[in-house]
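# Build the 3D model from these lines:
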Amino acid sequence: MPHIIEKSLVGQRALVTGGNSGIGAAIALALAEAGARVAINYLSNVEEAQALVAEIQASGGEAITIQADVSQEDQVIAMFQQVIETWGSLDILVANAGIQQYAPFVDMTLAQWDSVMAVNLTGQFLCAREAVKEFLRRGVVPELSCATGKIVCTSSVHDIIPWAGHVNYAASKGGLLMFMKSLAQEVAHMKIRVNAVSPGAIRTPINRSAWETPEMEENLLKLIPYERIGDPADVAQAVVWLASDASDYVVGATLYIDGGMTLYPGFREGG
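Here you go, the predicted model:
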């Protein structure tokens, strides 16, 4: 897969929540490759975050780590303050942090429901709110971007595809879809662009059980018309595009990066 070579984000400052592994790590690397300075938020596994910073620095980029739980308001506020104190402002927020907690609906506990909503939906609200505040405080910097600021929300194909056994997760992503669109509608006239990426099946540790054996991979591929499982870089490059001025007229959109999973492949043979 080709990498982003064009330095479309030179001078810009980005924050990636949940950026120490999987899709988040790929996004952090791609943003740095495009020229952005990157703050990598993590909740645990500081070693992964530090290794990612070292990788970015070895390639001539600039990055820092910030530990914070995005579901906690005081920690989110402190995280944004640290980015602003370090680099003067923020240009790009990639609200990527998310969790899954599986359970049959009748066995799902309130704690499982609340924890998923707290990270996947409330966390997006808290981070986006602080980003919008900073964008408006700073205003447009024409030499950096046409926009006052850019927010990219990481959602999932399950913002529109139901997912039995994962009612909390699917509900959080469905809520995120409307959160993103409503926020985009509210702040677009301020030249703040809000969009989302909704990955399908991506090779990450969180879903290893779905593809780690040939049999499992074969079953998964039945759901993907393009007949391959995605890589984190597939999502990361889309995020870089949404964060760049190349997508300046894209507002309130969701890019489904899923190999066609949302095309109802079961109907390909006639339904």
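
# out of everything not next to it in sequence, what's closest to Leu177?
Distances taken as CB to CB, 6 or more residues apart in numbering place Asp159 nearest to Leu177, at 4.2 Å, with adjacent residues excluded. For the C-beta atoms, the positions are set from N, CA and C on the backbone; glycine is no exception.

# Give me the neighbour count for the one you found.
22 (other CB atoms under 10 Å).

# Distance-wise, check it relative to Gln72.
Asp159 sits at a distance of 24 Å from Gln72 (criterion: CB to CB, to the nearest Å).

# do the same with Met180
Using CB to CB, we find Met180 at a distance of 21 Å from Gln72.

# what about those two, which has more around it?
Here Met180 and Gln72 are compared on neighbour count by other CB under 10 Å; more neighbours surround Met180, at 24 against 15.

# surely the more buried one meets Val251?
No. Using CB atoms under 8 Å, Met180 and Val251 do not qualify as a contacting pair, with a distance of 10.5 Å.

# Spit out the residues that contact those two alike.
Both Met180 and Val251 are contacted by Val194, Asn195, under the criterion CB atoms under 8 Å, 6 or more residues apart in numbering.

# Now do the same contact list for Gly11.
When the contact criterion is CB under 8 Å, 6+ apart, the partners of Gly11 are Gly35, Glu143, Leu144.

# Turn these into a markdown table, including pLDDT and neighbour count.
Formatted as a markdown table, the entries for these read as follows, by pLDDT from 0 to 100; neighbours: other CB atoms under 10 Å:
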| residue | pLDDT | neighbour count |
| --- | --- | --- |
| Gly35 | 97 | 19 |
| Glu143 | 96 | 7 |
| Leu144 | 97 | 16 |
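
# In strands, which of the residues you listed appear?
Judged by DSSP state E, strands contain none of the contacts of Gly11.

# Among those residues, which ones are in helices?
Judged by DSSP state H, helices contain none of these.

# for the stretch 1-150 of the chain, what spans make up the helices?
Listed in chain order, the helices of the stretch 1-150 of the chain (DSSP state H, counting those that start in this stretch) span residues 22-33, 46-58, 73-87, 110-117, 123-138.

# Could I get the buried residue list for the first one?
Going back to what we said before, that points to helix 22-33. Neighbour counts over helix 22-33 (16 or more other CB atoms under 10 Å) mark Gly22, Ile23, Gly24, Ala25, Ala26, Ile27, Ala28, Leu29, Ala30, Leu31, Ala32, Glu33 as buried.

# still on that earlier bit, out of the helices of the stretch 1-150 of the chain, deepest packed?
Per-stretch averages of neighbours, counted by mean count of other CB atoms under 10 Å, single out helix 22-33 among those, with a mean of 27.

# Could you list the buried residues of the helix or strand of the chain with the lowest mean pLDDT?
Across the helices and strands of the chain, mean confidence by mean pLDDT, DSSP states H and E is lowest for helix 214-221: a mean of 86. Burial within helix 214-221, assessed by neighbour count using 16+ other CB under 10 Å, is assigned to Leu220, Leu221.

# Can you name the next helix or strand after that helix?
The helix or strand immediately downstream of helix 214-221 is helix 232-243, counting by DSSP states H and E.

# If Gly149 is in a bridge, with which residues?
Listed by DSSP bridges, the beta-bridge partners for Gly149 are Ile192.

# shouldn't it be in contact with Asp91?
Yes. Proximity of Gly149 to Asp91 meets the contact threshold set by CB under 8 Å, at 6.0 Å.

# Give me the pLDDT value at Trp87.
Each residue has a pLDDT score; the one for Trp87 is 98.

# How much space separates it from Asp248?
22 Å.

# what does Glu33 give?
Plainly put, Glu33 is 20 Å away from Asp248 if you go by CB to CB.

# do Gln100 as well
33 Å.

# Which residue of these two possesses the greater neighbour count?
Legend: neighbour count by other CB under 10 Å for Gln100 and Asp248, higher for Gln100 (17 against 13).

# Would you enumerate the residues in contact with the closest residue to Lys191 other than its chain neighbours?
Spatially, and ignoring its direct neighbours in sequence, Lys191 is nearest to Thr148 (4.3 Å; CB to CB, 6+ apart). The contact partners of Thr148, taken as CB under 8 Å, 6+ apart, are Phe135, Leu136, Arg138, Gly139, Val140, Met190, Lys191, Ile192.
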